[in-house]
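Peer 1: Predicted model, plus sequence, below.
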Amino acid sequence: DTGVSQDPRHKITKRGQNVTFRCDPISEHNRLYWYRQTLGQGPEFLTYFQNEAQLEKSRLLSDRFSAERPKGSFSTLEIQRTEQGDSAMYLCASKGTSGADTQYFGPGTRLTVL
Amino acid sequence: QKEVEQDPGPLSVPEGAIVSLNCTYSNSAFQYFMWYRQYSRKGPELLMYTYSSGNKEDGRFTAQVDKSSKYISLFIRDSQPSDSATYLCAMIQIYNQGGKLIFGQGTELSVKP
């Protein structure tokens, strides 16, 4: 399978716990994006990487959120001290180097914070 | 005011109907326009991708962009029950913005047999 993959697909956690999600992009894509989608809304941009460099973070990304892409391949998104408001679908997307390239999304990780 | 506005629906049509989905936007710097389809509890899937004003056709789907009115549309001809999904419009401002997508709210479509 050469698409974007995400793990886990579902995560249920208790408030205050830390969670980490993983995204594996399409192998030749150098840009990787994280989005968050709540019920009934479109995805909202969180952050993106070009290779291993994190180039932009949305104001939605509070201090409890951190993302890494250490070798320019897979990426992780960690949420510390989860809150019920963090419950959402976390989507990862990747794209190639051309400005005209489109983003391809993974299946998402659905987080439920109890 | 959101940068991209999309009627959330839900929209229910009989099989075979022509469906029209629309988005308006406020940022004239948007250069690329996409339509994504999202089935329940899945990631968005790219349907159509356009750059200039005008029409682009792909099978039963036609994307229309009117930059002067800041208005984009997606038409689905001969709609099928398998078209039942949420349709998301998305836009990109390429320069100095990293290519991040700005999405509309999504329109939930149901095609009844």
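Peer 2: Thanks, I have the structure now. Because the structure is a prediction, the values reported are computed rather than measured.
Peer 1: going forward, measure contacts and count neighbours with C-alpha atoms only.
Peer 2: Will do.
Peer 1: what's near enough to touch residue 110?
Peer 2: If you meant another chain, say so; for now it's chain A. By CA atoms under 8 Å, 6 or more residues apart in numbering or on different chains, A:Arg110 lies in contact with A:9-11, A:87-90.
Peer 1: oops, I was thinking of chain B
Peer 2: By CA under 8 Å, 6+ apart, the contact list for B:Ser110 reads B:10-13, B:81, B:83-85.
Peer 1: For chain B, state which of the contacts of A:Arg110 is nearest.
Peer 2: Each of the contacts of A:Arg110 was checked against chain B using CA to the nearest CA; the closest is A:Met89, at 8.4 Å.
Peer 1: low pLDDT regions in the chain?
Peer 2: Defaulting to chain A. Applying pLDDT under 70 to chain A picks out residues A:1, A:99-100.
Peer 1: actually it's chain B I care about, not the one you picked
Peer 2: Along chain B, the model assigns pLDDT under 70 to residues B:94-97.
Peer 1: Tell me how many other residues surround A:Asn51.
Peer 2: Using other CA atoms under 10 Å in any protein chain shown, A:Asn51 has 17 neighbouring residues.
Peer 1: Hmm, it is touching A:Gly72, no?
Peer 2: Yes - A:Asn51 lies in contact with A:Gly72 (CA atoms under 8 Å); the separation is 4.2 Å.
Peer 1: between the two, what contacts are shared?
Peer 2: A:Asn30.
Peer 1: Could you list everything A:Asp7 pairs with in the sheet?
Peer 2: Beta bridges link A:Asp7 to A:Arg22, judged by DSSP bridges.
Peer 1: so what's residue 67 closest to, chain neighbours aside?
Peer 2: No chain specified, so I'll use chain A. Distance criterion CA to CA, 6 or more residues apart in numbering or on different chains; nearest residue to A:Ala67, sequence neighbours excluded, is A:Leu77 at 4.4 Å.
Peer 1: not what I meant, chain B
Peer 2: Nearest to B:Lys67 is B:Ser53, by CA to CA, 6+ apart, at 5.8 Å.
Peer 1: List the residues that contact the one you found.
Peer 2: B:64-67.
Peer 1: Just want the most central residue of chain A.
Peer 2: A:Trp34 (3.4 Å; CA atoms, centre = their mean).
Peer 1: in its sheet, what does the strand or helix carrying it sit against?
Peer 2: Per DSSP states H and E: A:Trp34 is located in strand A:31-37. Here strand A:31-37 has these sheet partners by DSSP bridges: strand A:44-50 (antiparallel), strand A:88-95 (antiparallel).
Peer 1: Great, nothing more from me.
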